[in-house]
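> got a sequence here, can you build the structure:
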Amino acid sequence: MNKIIFFILLLYSSNLYSQRFITKQAEISFFSEAPIEDISAKNNKVSAVYDAETKQLVFQLNISDFIFPKPIMQEHFNENYLESDKFPKAYFSGNIGEINKVSIATGTLKIHGESNEVDVKGSLVKSDDSVMIDATFTIQLKDYKIKIPKIVMYNIAEEIEVTVKAKLKEI
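Residues are numbered from 1 along each chain as shown. Down below sits the predicted model:
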């Protein structure tokens, strides 16, 4: 709930000099390479807000909006692993910094009801009226208490590669 309030306040705060950028169509995808079967999914209904003055960045998505190549994968993902009925959303809230000309997003990633501090390397390119964000990072399922039943342990990797692509427009 605090993340939603932060998202709304960031979007509607009244600082006249700040440049804010927003999208509701960012894309987050993930890939799991496992011995028996690779698993991938995309969600292109991701909301994001970036404040260029404060360097604050917020992403929010509905877990059930991930689309899989096979419907059965999507069903198992939502019902058995991410439990999207109990934990319907995932969030990132943090700040953008730079180290050696590489953008670093530092903040809190909340998935499956679990929050962890993360540092994500990527690129953030700002033009006059838009911001492009591109990043790839890995997460450990155990860090978010996502359990893999022993019967399918060779189908799902314990480490998942996540890719973020977003074009935000100035508001």
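> residues in contact with stretch 24-35?
For stretch 24-35, contacts defined as Cβ atoms under 8 Å, 6 or more residues apart in numbering pick out 38-48, 59, 61, 66, 133, 154-157, 160-168. To be clear about C-beta, it is placed using only N, CA and C from the backbone, and glycine gets the same treatment.
> one more pass at 7 Å, please.
38-48, 59, 61, 154-157, 160-166 (Cβ atoms under 7 Å, 6 or more residues apart in numbering).
> output that stretch as PDB, restricted to C-alpha atoms.
Taking Å, rounded to 0.1, in the frame of the first residue of the first chain, the C-alpha atoms of stretch 24-35 are listed here in PDB:
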ATOM      1  CA  LYS A  24       1.800   2.200 -18.800                       C
ATOM      2  CA  GLN A  25       3.400   0.000 -21.500                       C
ATOM      3  CA  ALA A  26       6.900  -0.800 -20.200                       C
ATOM      4  CA  GLU A  27       8.000  -4.400 -20.900                       C
ATOM      5  CA  ILE A  28       9.400  -6.700 -18.300                       C
ATOM      6  CA  SER A  29      10.300 -10.200 -19.300                       C
ATOM      7  CA  PHE A  30      12.000 -13.200 -17.700                       C
ATOM      8  CA  PHE A  31      13.800 -16.200 -18.800                       C
ATOM      9  CA  SER A  32      14.500 -19.400 -16.800                       C
ATOM     10  CA  GLU A  33      17.000 -21.800 -18.400                       C
ATOM     11  CA  ALA A  34      16.600 -25.300 -16.900                       C
ATOM     12  CA  PRO A  35      17.800 -28.800 -18.000                       C
END
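> all helices of the protein, in order?
Here the chain has its helices, by DSSP state H, at 2-12, 71-76.
> now residue 36: how far from residue 49?
Look at residue 36 and residue 49: by Cβ to Cβ, to the nearest Å, they are 39 Å apart.
> could you do residue 60 as well?
With Cβ to Cβ as the criterion, residue 60 and residue 49 are 9 Å apart.
> same deal with residue 170?
Taken as Cβ to Cβ, the span from residue 170 to residue 49 is 11 Å.
> those two: who's more crowded?
Of the pair residue 170 and residue 49, residue 49 is the one with more neighbours under other Cβ atoms under 10 Å, namely 21 against 15.
> my guess is the more buried one contacts residue 22. True?
Yes: with contact defined as Cβ atoms under 7 Å, residue 49 and residue 22 form a contacting pair (5.1 Å).
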